[in-house]
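Undergrad: turn this into a structure:
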Amino acid sequence: MKYWEKPFGNPKPKVVEGEIHIIDDRCKGCSFCIEFCPNGVLKLSTEFNKKGYHPPVIVDQDKCAFDGLCENICPDSAIFIVRKEAKVETE
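TA: Predicted coordinates:
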């Protein structure tokens with residue numbers, strides 16, 4: 001029995017993966033998603049959307065924890081995450 005495979009009798013947690021989607025035309029450039037992201041995944045774009053604001057862009061999606069903080073804090077629902085559960089490799 002490998003003790004590190006099941007700590008305290010529980011199976012290993014599955015790794016969460018996903019994709020970040022930004023709807024540029026809904027964004028009003030408040031930058032809440034950028035300020036409150038703990039991993040620094042987003043930054044302001046240099047381009048304008050239809051409303052004349054700078055929407056966020058993804059800097060490094062690999063840093064994302066897919067915790068949903070950005071989509072919960074966005075007042076315009078301009079950003080959302082599609083989560084996928086990764087398979088845990090067992091030996």
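Undergrad: so where's this protein shaky on pLDDT?
TA: Counting by pLDDT under 70, the chain shows low-confidence ranges at 1-9, 11-12, 86-91.
Undergrad: tell me, what residue is most central in it?
TA: With distances taken as Cα atoms, centre = their mean, Phe66 lies nearest the centre of the chain, 3.9 Å away.
Undergrad: all strands for this protein, in order.
TA: Under the criterion DSSP state E, the chain contains strands at 16-22, 42-44, 56-58, 79-85.
Undergrad: now those strands in TSV, with mean neighbour count and distance to Cys70?
TA: Where C-beta positions appear, they are placed from N, C-alpha and C, glycine not excepted. Conversion of the strands of the chain to TSV gives the following (neighbours: other Cβ atoms under 10 Å; distance: least, Cβ to Cβ, whole Å):
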stretch	mean neighbour count	distance to Cys70
strand 16-22	16	8
strand 42-44	17	7
strand 56-58	19	8
strand 79-85	14	5
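Undergrad: any chance of those strands in JSON lines, plus distance to Phe32?
TA: Converted to JSON lines, these look like this (distance: least, Cβ to Cβ, whole Å):
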{"stretch": "strand 16-22", "distance to Phe32": "13"}
{"stretch": "strand 42-44", "distance to Phe32": "10"}
{"stretch": "strand 56-58", "distance to Phe32": "10"}
{"stretch": "strand 79-85", "distance to Phe32": "10"}
